[in-house]
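In: Next come a sequence and a model predicted from it.
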Amino acid sequence: MPLKDDEFDIDFMRKNDFVRKKCRICGSFFWTQKHDLDVCMESPCVEYEFIGNSPSKVKADVNEMRRIFLKFFEDNKHAVINPYPVVARWRDDLLVTIASIVDFQPYVTNGEIPPPANPLVISQPCLRFEDIDNVGPTFGRHLTIFEMGGAHAFNYPDRFIYWKDDTIRYHHELLTERLGVPSDLVTYKEHFWSGGGNAGPDVEANVMGLEISTLVFMSYRLENGNLIPTPVRTVDTGYGIERWAWLTMGTPTAFHAVFGKIFDKTLNLVGIKIDDKVLSEAGKISGSFSVLDSNRSRMAREIVAKRLGMRYDEFEDAIKPFENIAAILDHTKALVFMLAEGVVPSNVKAGYLVRMLARRSYRLLSLYGAQSKLFDILEMQIKHWSPQFPHIKDMRDEIIKLADVEIEKYEKTLEREYGEARKKIEALKAKGKSSIPIELLQEFYESHGLHPQQVSEISQKIGMKVEIPLDFFSNLVKKKSEIEVQKPKEEEALMSKFEDLPATEPIYYMDSKRLEFDAKVLRVVDGFLILDRTAFYPEGGGQLGDQGLIAWEKEESQVIDTIKVGSVILHKIKGKLPPKDAIVKGIVDSQRRSALMIHHTSTHILNGAARHVLGEHVWQAGALKDVDRSRLDITHYAQLTREEIVEIENRANMVVRMNIPVEVLKLQRNDAEKRYGFRLYQGGVVPGKEIRVIKIGDWDIEACGGVHCSRTGDVGLIKIIRVERVQDGVERFEFVAGEPALKFFQLQEDVLSKISQVVGAQQEKLVEAINRLALDRSELMKKQKIMFKRLSELSKDRIIEKATKISSIDVYFEVDSELGEDFHIMLGEKVIEQNPSLVYCAIALENKVARVIVFCGKDARARGVKAKEITRNISQIIGGSGGGDERFGRGGGPLIDKVREVKSTLYSQIENVIKERKQ
């Protein structure tokens, strides 16, 4: 959006003799104290002039720069706020924290809740993966993980804090007075910013080629492409802490300023030496480096090579190790921060991003035979960042464990998938293709763990071309980093029909034990009933909606479901609907409500137990609280062992027996987050300025809108009945609690009693008795195998003799209800060895299923007859499916009465094959 000419014609600019100029290179408008300056002073319009020539009187690495930044704004009456997590669990539209303002969107910026302080300052670790391919090649201009210094002020219609003048003044004072940077070296470049649903004009601060800050004046929200003025005008500053440190130190790259001694230690660890002269010269022009603009980047790098008196290929060879080490340092830092917040590597959501970081780091280290050094680097990162971020030290063991499990998986994947990739590429070549499509490259990476370069190496050996996009990884993560949040279509359609109605009064929150109530009918919409108040709990947070009855006058109808859309609660009615304005009596199904409450409280207890047993990386990944049984999905890096499951169950029932009060706390969002942290959001995002918190002592504390038992003892008993891995990184508990748990044990008792009767042993001796039966069965199977072998030897001559001649092929067909599939497989093997022209087809009838066995001898196969095709056709006739290879096919189906049709089909198929071969 173009800015007005006077957008930044403000007191600060006028009083400090700044003039508005237009850059002769990029065409952007900027403000400067040098009246004859005609370039904006942002790279690539100019080179980095600060490298080896810092304009700052203060030298500050990242940690010192953070301290200086926070102290400056604290001195200027800003409250210092602790950083939020890098995983944005309080947002439903983002996976990771991409900017400091994300901490306060949407509730603070839209005026729904107050900020934790006003004004405030924060140094927020952020993650951005969209430029991951540029991390390293741009010398630190792009980072996956970085700190954004945010000085934020929230201006309300009735309370003004500060706006453009003071924002730019604070920035300029920090730069010139605290750091001693000459004022006339600073330019402010005009721009228009948008992100996170908000927008506004901004200026980008540049010093000697380096953009160090973006000062945004957020005054709009984006709605369907339109700019709508917001009631809260937000000062959103982004001070690039790493870039400020780089500027003050004047190092060849930002990585020197960010990582300090770790940089040199990593070089030594990997066994790499880098010429600082090459880095310094390249650093000056690195603002023109970008893998996404290969032409400009090539030209810039050729200039550097020429200045150094090197050939272009010599320069590339000299600089590549630095780019790789830089990426390794960046990725392992980001990995440590994400693992410290309990993100389990997987193929979905934030887990996908962690997996990418781990595998890229491993791959880059493997180029130098140093993949085993990954854990040494992780340990260095943990030690380096822990003093400023103590939670990293607390999570040290889990960080290393999560990384270890992921790398072990990756190594096994590589061993297994090379062969699979080769087969797919060979199949592609057989179809006449000469190159690998980008979609297949992505599949090889995401499903098989193979880096595009590894695919390229395999392809070259086969004679296939591979073009690896320069932004391969950036494109992969773009679709993973942001989430589109859509309301269900039914919900959107309904909302327009009652958006004028007041919020429904929730009796279930005021008194969860009150199950009968009177209410007034406000509206009837598409079979839904809307009341002014209700005790029916609407579906939410994985808990099903209540059911029951609605009665009025002499009428009565069933409530079969309850949902909430916006602030209005809808009752789905089966039967007659009451008229508008009628006074009705609502009766909630008490048994159903009790079962749902018990299962919901049990979910919280079980989630806490899993975290206590497995570690702080455990987060709820999904849940369903039903009447008869419930399920809980948790994040975890490995399949649970029997011992772990038992321990989790024991811990959960210990909490039940402790009979801890289940407290319901209504807290302001800021207070809740300050008191309990972001682990509150186990069940996902909870909207609103006030949060309802369910607190079970110190065992489990979650933001939750569900109805619960008043004490843990009300649950009675929790029994885990099944645990399965539903996807990589997610374990699912299926469990029962309360009366369903009792019924489960009673059912188990009935089953054991029946088994006891069948086996003829007392229950306490069942295992011993079943073991004896298993041994007996094993012995019988051995004897059966011997008998089958002897019988097949005796039968093979008869089979060959009875075979029907079809052209030059011998065909034997049999339907057998006695000997079974295993016998016919053994017999088929023998007869085609003795008669290579034989096609052997048997249908074994077992347990009301027809099982198809087909063998084709060598000579029969040479004439075009294939076992897998015969098997497939026969299996289709009997309502099933089959497959195999040319020699042996196996299938089956349930339609036993169709077996009589198989023989003629078999003969016809073989005849047709022979005829086609002769033509």
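Out: Looks like it arrived, so ask away.
In: Report the central residue of this structure.
Out: Lys349 (1.4 Å; CA atoms, centre = their mean).
In: For the closest residue to that one other than its chain neighbours, grab the count of nearby residues.
Out: Excluding its sequence neighbours, the residue lying closest to Lys349 (CB to CB, 6 or more residues apart in numbering) is Leu95, at 5.7 Å. Placement of C-beta: from N, CA and C, glycine included. By other CB atoms under 10 Å, 24 other residues sit near Leu95.
In: From Arg128, how far off is Leu95?
Out: Leu95 sits 11 Å away from Arg128, going by CB to CB, to the nearest Å.
In: how about the closest residue to Val815 other than its chain neighbours, what does it touch?
Out: Spatially, and ignoring its direct neighbours in sequence, Val815 is nearest to Ile843 (4.8 Å; CB to CB, 6+ apart). By CB atoms under 8 Å, 6 or more residues apart in numbering, Ile843 lies in contact with 814-816, 850-853, 874, 878, 899, 902.
In: Would you check how far apart Ile843 and Ser459 are?
Out: Going from Ile843 to Ser459 by CB to CB gives 45 Å.
In: swap in Glu649?
Out: Separation of Glu649 from Ser459 (CB to CB) stands at 50 Å.
In: who's more crowded, these two?
Out: Ser459 (22 against 19).
In: Just the pLDDT for the more buried one.
Out: According to the prediction, Ser459 has pLDDT 81.
In: do the same with Val852
Out: 92.
In: What is the burial count for it?
Out: Val852: 29 neighbours (other CB under 10 Å).
In: next helix or strand past the helix or strand hosting His824?
Out: Under the criterion of DSSP states H and E, His824 resides in helix 820-834. Downstream of helix 820-834, the first helix or strand assigned by DSSP H and E is strand 838-846.
In: contacts for the helix or strand that that next one is followed by?
Out: Toward the C-terminus, strand 838-846 is succeeded by strand 849-856 as the next helix or strand (DSSP H and E). The contact list for strand 849-856, computed with CB under 8 Å, 6+ apart, reads 821, 824-825, 828-829, 831-832, 838-845, 865-867, 870-871, 874-875, 878, 880, 882, 884, 886-896, 899.
In: Tell me the buried residues within these.
Out: Listed as buried from those are 821, 824-825, 828, 831-832, 838-845, 865-867, 870-871, 874-875, 878, 880, 882, 884, 887-893, 896, 899; burial here means 16 or more other CB atoms under 10 Å.
In: So Glu204: helix, strand or coil?
Out: Judged by DSSP: H, G, I helix; E, B strand; the rest coil, the three-state class of Glu204 is strand.
In: Please name the residues that touch the closest residue to it other than its chain neighbours.
Out: Leaving aside its chain neighbours, Glu204 sits nearest to Lys189 (4.5 Å; criterion: CB to CB, 6+ apart). Taking CB under 8 Å, 6+ apart, we find Lys189 in contact with 23, 28-31, 40, 42, 203-206, 211.
In: Name the SS class of the closest residue to Asp526 other than its chain neighbours, please.
Out: Closest residue to Asp526 apart from its sequence neighbours, by CB to CB, 6+ apart: Leu494 at 6.9 Å. Counting by three-state DSSP, the backbone at Leu494 sits in helix.
In: Measure how buried Leu494 is and give me the count.
Out: 21.
In: Wait, it touches Lys564, no?
Out: No - using CB atoms under 8 Å, Leu494 is not in contact with Lys564, being 10.9 Å away.
In: any common contacting residues for these two?
Out: Between them, Leu494 and Lys564 share the contacting residues Leu570, judged by CB under 8 Å, 6+ apart.
In: State the distance from the residue nearest to Lys349 to Asp714.
Out: Here the distance between Leu95 and Asp714 works out to 37 Å (CB to CB).
In: domain assignment for this protein?
Out: As given by automatic domain parsing, the domain ranges for the chain are 47-182+209-251, 294-481, 489-588, 594-746, 795-918.
In: Next, format those domains as a markdown table and append distance to Asp11.
Out: Compiled in a markdown table, these are given as follows (distance: least, CB to CB, whole Å):
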| stretch | distance to Asp11 |
| --- | --- |
| domain 47-182+209-251 | 5 |
| domain 294-481 | 37 |
| domain 489-588 | 44 |
| domain 594-746 | 33 |
| domain 795-918 | 79 |
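In: Helices of the stretch 351-500 of the chain, residue ranges please.
Out: For the stretch 351-500 of the chain, the helices defined by DSSP state H, counting those that start in this stretch cover 374-385, 390-394, 396-430, 438-448, 452-462, 472-481, 489-495.
In: Work out the sheet partners of the next helix or strand after the last one and label each with its direction, please.
Out: Just to be clear, that refers to helix 489-495. Downstream of helix 489-495, the next assigned helix or strand under DSSP H and E is strand 505-506. Applying DSSP bridges, strand 505-506 is found paired with strand 533-534 (parallel).
In: Tell me which other helices or strands the next helix or strand after the strand it pairs with touches.
Out: For strand 533-534, the following helix or strand on the C-terminal side (DSSP H and E) is strand 548-552. If you count contacts as 3 or more CB pairs under 8 Å, 6 or more residues apart in numbering; DSSP states H and E, strand 548-552 packs onto strand 555-565, strand 583-588.
In: Would you mind giving those strands as JSON lines with distance to Glu302, mean neighbour count and mean pLDDT added?
Out: Output for the helices and strands packed on strand 548-552, formatted as JSON lines (distance: least, CB to CB, whole Å; neighbours: other CB atoms under 10 Å; pLDDT from 0 to 100):
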{"stretch": "strand 555-565", "distance to Glu302": "61", "mean neighbour count": "18", "mean pLDDT": "93"}
{"stretch": "strand 583-588", "distance to Glu302": "76", "mean neighbour count": "18", "mean pLDDT": "96"}
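In: among those strands, which is nearest Met395?
Out: strand 555-565 (36.6 Å; CB to CB).
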